[in-house]
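**Student:** Here is my input; please provide its structure:
(4 chains)
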There are 2 protein chains.
Amino acid sequence: MTEHEGSGTRERLISAAAELIAASPGEDFSLRAVCDAVGVKMPTLYHFFGSKQGLIDAVVEHGFDVYLGQKESMGSSGDPIQDIRSGWDAHVAFGLENPGFYTLMYGKVRPGYSPEAQSRPSEILRGLTARAAEHGRLAVPSDQAAAHVLVANIGVTLRQIVLAQPDPELSAAVREGVIAAITGTARDSTDPVAATIEIVAAAPDVLGEAETALLLSWLTRLRGDRRDEPGSR
Amino acid sequence: MTEHEGSGTRERLISAAAELIAASPGEDFSLRAVCDAVGVKMPTLYHFFGSKQGLIDAVVEHGFDVYLGQKESMGSSGDPIQDIRSGWDAHVAFGLENPGFYTLMYGKVRPGYSPEAQSRPSEILRGLTARAAEHGRLAVPSDQAAAHVLVANIGVTLRQIVLAQPDPELSAAVREGVIAAITGTARDSTDPVAATIEIVAAAPDVLGEAETALLLSWLTRLRGDRRDEPGSR
DNA sequence: GTATCGCCGTATCGACGCTACACCAGGTAA
DNA sequence: TTACCTGGTGTAGCGTCGATACGGCGATAC
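**Tutor:** Alright, predicted model coming up:
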């Protein structure tokens, strides 16, 4: 964690900035503190990075390198959907372990966005969904599935960071919900009456408001009867 | 848009700060600029808010007031799941219209978190999922469903903001995926073979790796035959 | 030897968040 | 009227921040 790999001044500046960011996630950091930690004055820092944003960009790229490094070492399980699962969990784990990096990578709003760094992980995810599509496992286009997974994955991770409260159960629930959505399958036993209820409720214009409400009440009572019969089943 | 409702100095300071934030989303703003816009010096601002964070908190609370105001004026459709849908869309729309506010409200990492402001909208959502649970529409506990919806909703909104690229299709896809997850239903026609594939692939430990792979290949070919009825590739 | 270039320090700039202090309304009590 | 108190406001200044102009140093190239 505290290693400084590479003894170049540039690398030491990046490492020092990374440690400062990791030490106080979400907080701003001072360029002078970075310079002091390395034993260098500010013009040196500006010689390498040009601006504070330049340093941050370099740190973010470093963060992506670390992330991708520990992600590539994970290998494939053979099943693309399973790979998406483990990729999801690795994504969340990295975010919770490096909240400072993560918020910089995925939480920062930049007028002139810089997606070239983010493109690498999303490219990996696109590769996974593309492979899943080749195997006929997806119910939606590959790119759409990748975007769906990515946005939900980022949302779960960012939320856990801002609340400072990990919630593996929630992460797993959202993950399985997303996978069910892109594969077009339902994990749990699907009650056909429940499915019908949702279909009817989602399109109240077809039958009209009153008829929809009436039909819904009937269906709800029907499902209740079927569920509440312990012995008759 | 440029209205200053309330002529008190405090309200005018909040409005000025809100306009500056809205003018440059994601950017930092200067307290001196706020004071200049109101025609007041800094000690006055500090008299009311104590610190910059105090001003930001007041602005965020103001943002939540605006958000909840335009949300409460929406009313209920009668169906709790439909209400969750429209609440989702209103949430996304507010975020895209007020990216500066939104990132402050949901994107900021604070060591000592301040969830008391965020608690109001999530309380509304909890009310919706509780009502859905009363109607027997949920397949998961009410609180878990609310957390699931909220985290995905924030994720979709924040992602569209940071990418500066609205994607209603993605928002709708994630929304329906989430609703399907919490209601335990699948929207699309569920191919039983596809469902079986996902069940088997999700639990490779039951049969062992080799047997699982073999079974998967058979199931995949079976589904392929059923799908590609007219001719095989 | 000297000229060029990469790296780095000295000194300084303007803008920032923040604060000590004095001022001046206005209301209250004597 | 006079005295006092309280709350909003201005003047002036603190320390720190990001950023920059300028010059010095050593090493390599010719």
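**Student:** Show me how chain A divides into domains.
**Tutor:** Domain assignment for chain A by automatic domain parsing gives A:73-183, A:192-226.
**Student:** Quick check: end-to-end length of the longest one?
**Tutor:** Spelled out, that is domain A:73-183. Chord length of domain A:73-183, first to last residue, is 26 Å (CA to CA, to the nearest Å).
**Student:** avg pLDDT for it?
**Tutor:** The pLDDT scores in domain A:73-183 average 90.
**Student:** Briefly note if that domain comes near DNA strand D.
**Tutor:** No. Judged by CB under 7 Å from any atom of the strand, domain A:73-183 makes no contact with DNA strand D; its nearest approach is 13.7 Å. Using the backbone N, CA and C atoms, a C-beta is placed for each residue, glycine as well.
**Student:** Which part of chain A gets nearest to chain B, residue-wise?
**Tutor:** With CB to the nearest CB, the shortest gap between chain A and chain B falls at residue A:155, namely 1.5 Å.
**Student:** Touching, that residue and residue B:162? I think so.
**Tutor:** No. Using CB atoms under 8 Å, residue A:155 is not in contact with residue B:162, being 11.5 Å away.
**Student:** neighbour count winner among the two?
**Tutor:** residue A:155 (24 against 21; other CB atoms under 10 Å in any protein chain shown).
**Student:** Can you tell me the element that one falls in?
**Tutor:** In this assignment (DSSP states H and E), residue A:155 forms part of helix A:142-162.
**Student:** That helix - contacts with which helices or strands?
**Tutor:** Where contact means 3 or more CB pairs under 8 Å, 6 or more residues apart in numbering or on different chains; DSSP states H and E, helix A:142-162 is packed against helix A:80-97, helix A:99-106, helix A:115-134, helix A:168-183, helix B:142-162, helix B:168-183.
**Student:** how about the fourth one: buried residues?
**Tutor:** Using 16 or more other CB atoms under 10 Å in any protein chain shown as the test for burial, helix A:168-183 gives A:170-171, A:173-183.
**Student:** Go back to the residues you listed and keep what's next to chain B.
**Tutor:** For chain B, the contacts drawn from those by CB under 8 Å from any CB of the partner chain are A:170, A:173-174, A:176-183.
**Student:** Now name the helix or strand holding the nearest residue to residue A:48 once chain neighbours are set aside.
**Tutor:** Take residue A:48 and drop its neighbours on the chain: the residue closest to it by CB to CB, 6 or more residues apart in numbering or on different chains is residue A:10, 4.8 Å away. Taking DSSP H and E as the criterion, residue A:10 maps to helix A:9-23.
**Student:** any residue of that helix up close to DNA strand D?
**Tutor:** No. For helix A:9-23, no contact with DNA strand D is found by CB under 7 Å from any atom of the strand; the gap never falls below 10.1 Å.
**Student:** tilt between that helix and helix A:99-106?
**Tutor:** 110 degrees (axes from the mean of the first three to the mean of the last three CA atoms, to 10 degrees).
**Student:** Not counting helix A:9-23 itself, show me its contacts.
**Tutor:** A:2-6, A:29, A:33-35, A:37-38, A:40, A:44-45, A:48-49, A:55-56, A:58-59, A:62-63, A:98, A:100-101, A:104 (CB atoms under 8 Å, 6 or more residues apart in numbering or on different chains).
**Student:** Go through these and flag which are in helices.
**Tutor:** A:33-35, A:37-38, A:44-45, A:48-49, A:55-56, A:58-59, A:62-63, A:100-101, A:104 (DSSP state H).
**Student:** wait, doesn't residue A:139 sit right on residue A:148?
**Tutor:** No. Look at residue A:139 against residue A:148 with CB under 8 Å: they stay out of range, at 11.1 Å.
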